[in-house]
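Need a 3D model of the sequence below.
(2 chains)
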Protein chains: 2
Amino acid sequence: MSNLFLRTLREDPADAEVPSHKLLVRGGFVRRTAPGVYTWLPLGKIVLENVAAVVREEMNRIGAQEVLLPALLPREYYEATGRWTEYGDTLFRLKDRRGADYLLGPTHEELFTLLVKGEYSSYKDFPVILYQIQEKFRDEARPRAGILRGREFHMKDSYSFDLDDEGLRRSYEAHREAYIRIFDRLGLEYVIVKATSGAMGGSASEEFLAIAPSGEDTFVRSTGSDYAANVEAVVTPAPPARPIEGLPEARVHHTPGTPTIESLVDFLNGAGLGRTFTAADTLKNVMVKTRAPGEKDWEIVGIGVPGDREVDMKRLEASLAPAEVALLEEEDFAAHPFLVKGYIGPGALQANKIRYLVDPRVVEGTAWVTGADQADHHVVDLVCGRDFTPDGTIEAAEVRDGDPAPDGSGTLYTARGIEIGHVFQLGRKYTDAFSLDALGPDGKPRRITMGSYGIGVSRVVAAVVEQSHDERGIIWPRQIAPADVHVVGTGKGEQIEVALRIGRELEERGVRVLVDDRKGVSPGVKFTDAELLGIPTGVIVGRGLADGVVELRDRATGERSEVSLDSVVDTVVAIVNG
Amino acid sequence: MSNLFLRTLREDPADAEVPSHKLLVRGGFVRRTAPGVYTWLPLGKIVLENVAAVVREEMNRIGAQEVLLPALLPREYYEATGRWTEYGDTLFRLKDRRGADYLLGPTHEELFTLLVKGEYSSYKDFPVILYQIQEKFRDEARPRAGILRGREFHMKDSYSFDLDDEGLRRSYEAHREAYIRIFDRLGLEYVIVKATSGAMGGSASEEFLAIAPSGEDTFVRSTGSDYAANVEAVVTPAPPARPIEGLPEARVHHTPGTPTIESLVDFLNGAGLGRTFTAADTLKNVMVKTRAPGEKDWEIVGIGVPGDREVDMKRLEASLAPAEVALLEEEDFAAHPFLVKGYIGPGALQANKIRYLVDPRVVEGTAWVTGADQADHHVVDLVCGRDFTPDGTIEAAEVRDGDPAPDGSGTLYTARGIEIGHVFQLGRKYTDAFSLDALGPDGKPRRITMGSYGIGVSRVVAAVVEQSHDERGIIWPRQIAPADVHVVGTGKGEQIEVALRIGRELEERGVRVLVDDRKGVSPGVKFTDAELLGIPTGVIVGRGLADGVVELRDRATGERSEVSLDSVVDTVVAIVNG
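Numbering: from 1, shown residues only, chains lettered A, B, ... in the order given. Below is the predicted model:
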């Protein structure tokens, strides 16, 4: 440490909010170069490489082959898939000296598809999985939390190419299992959540979320099982249909001044109807417009949800994807006078051939209070399957803590996580864009199907720290720690000499060592630094040296013990080798 | 190879001119993604990492510490040193979503200076050497020759920070020796040439050039020693001064119509002067203007060179750097009527206080034919030190094959090389720009002095191929070869099974193996591929298998020998371990 390019800090950086950001900066692992852009100092570089090594080993184990693509990519390929524009402001765009458009790669689906197309053409060539570990660039609107969400970051991205859906399923499963091995080896606590496709297009998709309160991703878990899912992917259990016979007739009521659910419920409960209403008895109809990709015209759609729930626009968007969706604006209402704001009911929608999609809880035989399509009027006891027939169901209502888990195991509660991995059955979006075919044994071309899989290598470093630290510093899992052992020589020259000697002997035994051989630095400062740096095993060469003993410290448990100088190397080697 | 993501090509790529470009593409090591932007396929990635590993080992050996900086850098730091504009079109510039200016790092002097300034402040902290191996971006006007001159490329750049000039000299020397070890280990034939400073500013500088006819850099070597230098750095040996006494008097001659050296020599030799003149007897005065950095006004300077040589503008620029230089234009001549074009002599320059710098061969006692400062007139026998006194000498005349070597060892001849490394005593240009000081033991700040050192890691891969190939393919040095041994199973199933078994046994012995286990591929195609891929040792499992023998092939020498199947693994292990 007397030569190591390292300065630890006692103060948290001013812009740091989450533990990993604070500790990685204070411990001298990273330094900020620009917003969302970081430099890796010597100890940080070692940790980053250790994470990459685990990822590389497990990718090689499933037969993935490592390549290295450039970051500077020509516009034309991303134009071909529409991502040049779809990415919006998140894409870093630039021009070369000739004025040609380039981008800095955010992910490399296009380039890998073209790479495979350039080399492979026969069914005998497939399947193939390629990967790289490389810098990615995304101009995040709000880079935050140090390396948790950067604008230049390190990612392992891999891509599978298969002849058919069954092959894709196998490649996906191989990745899923490799990811489980990787994150297990890294000592991370994580969940695998069903995810929606997002902007990438495609079908099956799961995210690996490291559980951490600082995480940006919200997900729901079940109290009764290991079910976990993105909020967008939660499937609402539908109650069974009920008999319609014997239900009271639908009746329109004059409900003056009740454009909101709350005002409506208050009015009804004061109207002497002989029963009590809650918001859950009402059916709220939210009008949206939607447009499929490439389409010019918008379609107006009614979304019916129980009145005690808001429409969650992210869930609605996920349900309608890849079509885009927006709320109706004033001019839309003006153009469709049968839509009476605050009093819209199924009647006007169906009469005017407006598509009407409802929450899965709106099943046959359920009775609702809803709009009567004229100002200040609602209808009570409008029964699904008798008085109206929706065009289908849709996942659009908000998910709440206490909702039943889709697997029936218990109730849902929300938690937060850091997305550290993503596995994705892309299907043929990219292979269609570039016509990637393999000639089958019958001489006919078969369109290749594709998966894409990512691990945020630099983000994993932060996620580990989020989960593994205390108020004094980082607690590195041995697998990715910057060293196995931190030998601290305190005080005078002799202790430092012995510390250096122990360090050399441990290195000869294959142990990775950091020796604190700084002179003129107090033992207290050295111990504080050691706890901040978080190397798993500490060896303190201090006053006990006079009696031939040194102290062992375990960073994770805080346990301390004395061993004789003669046996310390053997003891430490045994600890390191587990 | 039945699974390897590899397709070899029989045809050279259409845009390839140099051997490394042709062979690296044909052998499936790299693929072009955009002009000057390449993808590394699996075998190429291994070679690139092997080169990086050698570089890393030797950098670590001199105590350099590895870090990793981003590629995306904010404008402000490069603005502070002037490089934001100095780099011109070679810099990739871009804006982020907020409109802030960024660049893609071409080299990282600014950032390393700031990094050290952020961590270190005391004389006790120094010296320190930091390095990284990372992608660099330069928008070359003419990206060419595959990965020899790319726009996105891999570079090791390191930076030394020292308290004084003596420290800088030591850091420079340590790098120079590390580079010698690196390029020796890579098996490269190279020269170390004295270089001029170029655009970086600073003092001592040397380039490592891999000797190759395809190289972009011209340099001169001596027939009698290992002297080598950039043409800009060649020092012309000055002949000894001669006695002036007894030399004929200077005499002005009417030489009508002789504005060129050729016309002048012809005229003189036909003028009956009783002796024969050559162009080397004439003194040509070339008028230039020069301006120091930050100055507004130009100074006119006369450059006198023997008439048989042209002024080499690159040598002239290097001699006057950091001042800029340009030839006089018509309007300059018009403004100085004493300059009579085609007939300018030392007389008018000295009479008008124009600085007059001459070639080192113009020593005291040499007599010249030169302009007489009036149209159609020259002066013969104008003697240096008697009739004119230059203001100094300058290296501006062209260097030619056959010129005496500066070290007196023989004569110079020109050769071509690929710049693979550069060591550079930067001095205080960057530490001045960012006020990087260390507090001395006396409590006073000392300005740090800096060196910068680069190795073109991806370019080295190409340079190795330029030097090590034949008409059939690449001949990799073992140190960086994609594998040690290429085991080729020909023909039917049994030979392939045996090839795979030999491969497994070799791997267990720590040998890196590529097995050609492709079925349905002819032996001829396999041998052609093996020679193209260039792995040092080949093991052919072919027809001899029936008699229990396999063939060993040495890619470099072409030698072939038979060994028994039983002993092949031991034999190959012995070859690999040298």
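
is stretch A:510-517 anywhere near chain B?
No: judged by CB under 8 Å from any CB of the partner chain, stretch A:510-517 and chain B are separated, with a smallest distance of 12.6 Å. C-beta coordinates here come from the backbone N, C-alpha and C atoms, glycine included.

Tabulate the CA atom coordinates of that stretch in CSV.
What follows is stretch A:510-517, C-alpha atoms only, in CSV (Å, rounded to 0.1, in the frame of the first residue of the first chain):
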residue,chain,number,x,y,z
GLY,A,510,-0.8,-18.7,-4.6
VAL,A,511,-2.7,-16.4,-2.2
ARG,A,512,-3.6,-12.9,-3.4
VAL,A,513,-2.2,-10.4,-0.9
LEU,A,514,-2.4,-6.7,-0.1
VAL,A,515,0.2,-5.6,2.5
ASP,A,516,-0.2,-2.4,4.4
ASP,A,517,3.5,-1.4,4.6
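
Get me the contact residues on the stretch 51-200 of chain A for chain B.
Within the stretch 51-200 of chain A, the residues that sit near chain B (CB under 8 Å from any CB) are A:63, A:65-74, A:89-90, A:92-94, A:96-97, A:102, A:104, A:111, A:115, A:118-120, A:128, A:130, A:135, A:137, A:139, A:141, A:151-152.

redo that, cut-off 7 Å
By CB under 7 Å from any CB of the partner chain, the part of the stretch 51-200 of chain A that sits against chain B consists of A:63, A:65-74, A:89, A:92-94, A:96-97, A:111, A:115, A:118-119, A:128, A:130, A:135, A:137, A:139, A:141, A:151-152.

Mind checking which of these land in strands?
Counting by DSSP state E, the part of these found in strands is A:65-66, A:72-74, A:93-94, A:128, A:130, A:135, A:137, A:152.

ChimeraX command for the buried members of the residues you listed?
Here is the ChimeraX command that selects the buried residues among these (16 or more other CB atoms under 10 Å in any protein chain shown):
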select /A:65,66,72,73,74,93,94,128,130,135,137,152
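
Show me how the record splits chain A into domains.
Domain assignment of chain A by automatic domain parsing yields the ranges A:19-234+A:413-466, A:251-393, A:483-576.

Show me which of these has the highest average neighbour count.
Mean neighbour count, computed with mean count of other CB atoms under 10 Å in any protein chain shown, is highest for domain A:19-234+A:413-466 among the domains of chain A, reaching a mean of 20.

Next up, the contacts around the spatially most central residue of chain A.
Among the residues of chain A, the one closest to the centroid is residue A:419, at 2.8 Å (CA atoms, centre = their mean). Listed by CB atoms under 7 Å, 6 or more residues apart in numbering or on different chains, the contact set of residue A:419 reads A:207, A:209, A:217.

contacts for the helix or strand of chain A with the lowest mean pLDDT?
In chain A, no helix or strand scores lower on mean pLDDT, DSSP states H and E than strand A:228-230, which sits at a mean of 86. By CB under 7 Å, 6+ apart, the residues outside strand A:228-230 that reach it are A:191-196, A:207, A:219-221.

Including pLDDT, secondary structure and distance to residue A:351, could those residues go into JSON lines?
Shown next, in JSON lines, are the contacts of strand A:228-230 (pLDDT from 0 to 100; DSSP: H, G, I helix; E, B strand; the rest coil; distance: CB to CB, whole Å):
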{"residue": "A:191", "pLDDT": "91", "secondary structure": "strand", "distance to residue A:351": "46"}
{"residue": "A:192", "pLDDT": "90", "secondary structure": "strand", "distance to residue A:351": "46"}
{"residue": "A:193", "pLDDT": "88", "secondary structure": "strand", "distance to residue A:351": "41"}
{"residue": "A:194", "pLDDT": "79", "secondary structure": "strand", "distance to residue A:351": "38"}
{"residue": "A:195", "pLDDT": "76", "secondary structure": "coil", "distance to residue A:351": "39"}
{"residue": "A:196", "pLDDT": "63", "secondary structure": "coil", "distance to residue A:351": "33"}
{"residue": "A:207", "pLDDT": "92", "secondary structure": "strand", "distance to residue A:351": "43"}
{"residue": "A:219", "pLDDT": "90", "secondary structure": "strand", "distance to residue A:351": "41"}
{"residue": "A:220", "pLDDT": "92", "secondary structure": "strand", "distance to residue A:351": "38"}
{"residue": "A:221", "pLDDT": "91", "secondary structure": "strand", "distance to residue A:351": "43"}
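
with the ones in strands among the residues of the stretch 51-200 of chain A next to chain B in mind, which one is nearest to chain B?
residue A:94 (3.8 Å; CB to the nearest CB).

Which of the contacts of residue A:419 lies at the shortest distance from chain B?
Using CB to the nearest CB, residue A:217 comes nearest to chain B of these, at 22.1 Å.

hmm, back to that, near chain B, from the contacts of residue A:419?
Of the contacts of residue A:419, not one also sits near chain B (CB under 7 Å from any CB).

In JSON lines, list those along with distance to residue B:507.
Below are the contacts of residue A:419 laid out as JSON lines (distance: CB to CB, whole Å):
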{"residue": "A:207", "distance to residue B:507": "36"}
{"residue": "A:209", "distance to residue B:507": "38"}
{"residue": "A:217", "distance to residue B:507": "42"}
